[in-house]
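Student: attaching a predicted model along with its sequence, questions to come.
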Amino acid sequence: MIAIQSELLDSILLGHARTFPRIRILEGWRVTRPLFGADRLEGFQAVPTYDSGERQTVELRARHVLIADGALSPAAESLGIERRLP
């Protein structure tokens, strides 16, 4: 088993992802529900985590979706993915 602090892993993954011009990184959003296409997950509905004065909801869709919100992931929970912690 390999264990790494999430802050370090986040920094490494984000740094690498930012080297790809076609990857769009969105931070500061909270997932409210998954969005499904005919046969796969296509994205999520989300709201901003900052106080913008209004509660805008957006649909974020992509060919590939990476869930990176931690071991107790609200996004994974919304998909029915169970995780067992050691």
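Tutor: Here it is on my side, so go on.

Student: quick check: next helix or strand after the longest helix along the chain?
Tutor: Ordering each helix of the chain by length in residues (DSSP state H) puts helix 6-17 first. Per DSSP states H and E, helix 6-17 leads on to strand 29-36 as the next helix or strand towards the C-terminus.

Student: in that next one, what counts as buried?
Tutor: For strand 29-36, the neighbour count (16 or more other CB atoms under 10 Å) marks 29, 31, 34 as buried. Quick note: C-beta positions are derived from backbone N, CA and C, even for glycine.

Student: hmm, the last one is touching residue 40, no?
Tutor: No: no contact is recorded between residue 34 and residue 40 when judged using CB atoms under 8 Å, the distance being 10.5 Å.

Student: in the protein, where is pLDDT below threshold?
Tutor: 1-4, 52-54, 68-72, 83-86 (pLDDT under 70).

Student: tell me, how many residues neighbour residue 46?
Tutor: When neighbours are counted by other CB atoms under 10 Å, residue 46 registers 20.

Student: need the contact list for the closest residue to it other than its chain neighbours.
Tutor: Nearest non-adjacent residue to residue 46, counting by CB to CB, 6 or more residues apart in numbering: residue 29, 4.2 Å away. Contact analysis of residue 29 by CB atoms under 8 Å, 6 or more residues apart in numbering lists 46-49, 58, 60.

Student: just those now: which is nearest residue 20?
Tutor: Closest approach between the contacts of residue 29 and residue 20, by CB to CB: residue 60, at 17.5 Å.

Student: gap between the residue nearest to the spatial centre of the chain and residue 79?
Tutor: Among the residues of the chain, the one closest to the centroid is residue 67, at 3.8 Å (CA atoms, centre = their mean). With distances taken as CB to CB, to the nearest Å, residue 67 is found 8 Å from residue 79.

Student: likewise for residue 62?
Tutor: In terms of CB to CB, residue 62 sits 15 Å off from residue 79.

Student: hmm, back to that, among the contacts of residue 29, who's most crowded?
Tutor: Neighbour-wise, these (other CB under 10 Å) top out at residue 46, 20 neighbours.
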